[in-house]
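Asker: build the 3D model from these lines:
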Amino acid sequence: MAARTYLGYRGDDARTPWGEFFEPQMATLPGHVVDALHHGPQADQVLLGFDSAAELLDDGYQQTETGYGRLPNGAFQVSVRTDMPGVTPHMWDWWFGWHGSDTRRYKLWHPRAHASARWSDGGGDGHYAGRTSLIEEYLGSAYVKAAIRFVRPDTLGLPSDRLGESVAVCARIGSSETPVDIGWFVHQIRPTPDGAEMRSRFWIGGPYVGVRHGNLFANSMVRPVAARQLPDPRDLLVHCAQEMNHLAAFLPDLHARFG
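Answerer: Residues are numbered from 1 along each chain as shown. Predicted coordinates for the structure are as follows:
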């Protein structure tokens with residue numbers, strides 16, 4: 001890990017308008033997440049395929065709302081549901097445009113794993129679609145330097161006219177050190193009677209690994225190497241559940257102050 005990055009707040013980090021929201025103690029994992037970890041890998045037929053991402057906009061729930069497993073194409077898929085009383089979808093839309101311009105904001109999200117964040121364009125607050133967030137964090141015990149390129153929902157086949165009151169945060173996941181992407185994610189946040197729920201979906205590895213602006217030959221060379229360096233799906237499930245539950249607990253107050 002680079003010397004300039006570290007976990008938690010140090011020195012004057014808390015002396016910001018939002019410093020009071022930094023909470024190093026995190027809640028235990030929700031029961032349905034623990035159950036999914038105990039279950040282990042799911043059968044591929046109960047996992048959402050990347051080409052079927054638009055099914056997130058259907059009413060009801062899918063066979064696997066929280067779990068992970070291997071798809072027939074060799075990629076793995078991770079799903080996480082986060083219940084968020086008192087939260088609205090708009091609050092998350094605001095958060096993704098706000099947190100990326102200051103590492104101290106990023107650390108609010110997961111105080112035990114987030115180390116650094118900045119926008120690749122050097123800009124400040126505002127929109128996030130079309131921008132790339134350069135982050136450093138732990139996934140389990142693995143230190144990751146990632147590039148998260150946010151895209152419009154219709155890039156993943158989620159048309160805006162079907163979103164309704166929900167928000168879909170979509171991105172291409174890759175490395176910030178080499179021009180290689182490894183997957184995709186979508187966080188769909190939809191309203192519930194007491195707040196909102198986030199339904200996260202990740203597709204990592206297999207055909208979703210590729211050289212940025214590369215060709216078929218380059219991709220065929222990179223995929224076997226990248227396959228040995230992909231995140232562990234269990235670590236990804238736990239990390240997502242931890243950070244989304246943690247931030248949701250104070251997001252309404254944070255948004256009321258700065259949104």
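
Asker: not counting its neighbours along the chain, what's nearest residue 7?
Answerer: Of all residues not flanking residue 7 in the chain, residue 115 sits nearest, at 5.9 Å (CB to CB, 6 or more residues apart in numbering). Where C-beta positions appear, they are placed from N, C-alpha and C, glycine not excepted.

Asker: how many residues are close by that neighbour?
Answerer: 22 (other CB atoms under 10 Å).

Asker: so it sits in a helix?
Answerer: No: when classified by DSSP: H, G, I helix; E, B strand; the rest coil, residue 115 is found to be strand rather than part of a helix.

Asker: quick one: residue 158 from residue 55, how far?
Answerer: For residue 158, the distance to residue 55 equals 10 Å [CB to CB, to the nearest Å].

Asker: okay, those two: which has more neighbours?
Answerer: Neighbours per residue (other CB under 10 Å) separate residue 158 from residue 55, with residue 158 holding more: 20 against 13.

Asker: excluding its backbone neighbours, what's nearest that one?
Answerer: Using CB to CB, 6+ apart, the closest residue to residue 158 is residue 168 (5.0 Å).

Asker: so the one you found: helix, strand or coil?
Answerer: Quick answer, by three-state DSSP: residue 168 is strand.

Asker: can you show me the strands along the stretch 151-259 of the chain?
Answerer: Assigned by DSSP state E, counting those that start in this stretch, the stretch 151-259 of the chain shows strands spanning 167-175, 180-192, 195-204, 210-211.

Asker: can you redo these as a markdown table with mean neighbour count, mean pLDDT and distance to residue 235?
Answerer: Shown next, in a markdown table, are the strands of the stretch 151-259 of the chain (neighbours: other CB atoms under 10 Å; pLDDT from 0 to 100; distance: least, CB to CB, whole Å):
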| stretch | mean neighbour count | mean pLDDT | distance to residue 235 |
| --- | --- | --- | --- |
| strand 167-175 | 21 | 96 | 14 |
| strand 180-192 | 21 | 96 | 14 |
| strand 195-204 | 23 | 98 | 11 |
| strand 210-211 | 20 | 87 | 22 |
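
Asker: closest to residue 88 out of those strands?
Answerer: strand 195-204 (5.8 Å; CB to CB).

Asker: chain center to the closest one, what's the gap?
Answerer: Strand 195-204 sits 8 Å away from the centroid of its parent chain (CA atoms, centre = their mean, to the nearest Å).

Asker: check stretch 126-141 too.
Answerer: Worked out by CA atoms, centre = their mean, stretch 126-141 lies 8 Å from the chain centre.
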